[in-house]
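Q: sequence and predicted structure below; questions after.
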Amino acid sequence: MKKIIQYLMMLMVSLMATSCYYDEMPPEAVIPIPETVSYSKDVQPLWNQDCISCHKPGATAPDLTTANSYSALVTNNKYVIPGNAVGSKLHKSLVADGVSLMPTTEKWSDSKIALVDKWITDGALNN
């Protein structure tokens with residue numbers, strides 16, 4: 001009986017010691033930021049991937065579908081202030097700075113946010 005208790009104690013200690021082990025999270029995919037950010041080639045694909053399921057015609061504003069996204073973002077500086085990424089509502093929503101975090105499913109990687117910020121800082125051109 002004493003041997004069984006010793007065996008169970010050793011088993012419990014072993015299980016407790018190995019249960020503290022955890023795998024590291026894989027590193028986030030880093031999106032290289034080009035010298036000139038293209039709205040159609042670099043930014044719009046981000047909306048298509050993560051945003052248009054909610055931000056489409058007749059749903060949550062702004063409409064981020066390919067045909068309407070640029071004008072929806074820059075008209076009257078409502079969401080994007082060209083040259084001022086930090087002051088733009090779009091940037092604030094990507095980092096949850098006083099507004100709801102977008103996308104709501106999970107926070108974007110720093111490289112995705114940096115890509116959008118560079119586009120805004122460079123003048124938010126429709127290129």
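A: Great, that's in hand.
Q: quick check on residue 82: phi, psi?
A: As for residue 82, its main-chain torsions (degrees, to the nearest 10) stand at phi -50, psi 130.
Q: distance check, the closest residue in space to it that isn't next to it in sequence against residue 101.
A: Closest residue to residue 82 apart from its sequence neighbours, by CB to CB, 6 or more residues apart in numbering: residue 124 at 4.0 Å. No exception for glycine: its C-beta is placed from N, CA and C like everyone else's. Residue 124 is 21 Å from residue 101, where distance means CB to CB, to the nearest Å.
Q: between those two, which has more neighbouring residues?
A: residue 124 (25 against 15; other CB atoms under 10 Å).
Q: residue contacts, the more buried one?
A: The contact partners of residue 124, taken as CB atoms under 8 Å, 6 or more residues apart in numbering, are 39, 73, 74, 80, 81, 82, 83.
Q: again, but for residue 56
A: With contacts defined as CB under 8 Å, 6+ apart, the neighbours of residue 56 are 63, 64, 65.
Q: before we move on, what about residue 113?
A: Here residue 113 is in contact with 91, 94, 95 (CB under 8 Å, 6+ apart).
Q: and residue 106, which of the three is it?
A: Assigned with DSSP: H, G, I helix; E, B strand; the rest coil, residue 106 falls in the coil class.
Q: that one: neighbour count?
A: Counted with other CB under 10 Å, residue 106 comes out at 8.
Q: gap between it and residue 53?
A: Using CB to CB, one obtains 13 Å as the distance from residue 106 to residue 53.
Q: also residue 2?
A: Distance, residue 2 to residue 53, by CB to CB: 62 Å.
Q: repeat for residue 108
A: 15 Å.
Q: among those two, which residue is more densely surrounded?
A: residue 108 (20 against 13).
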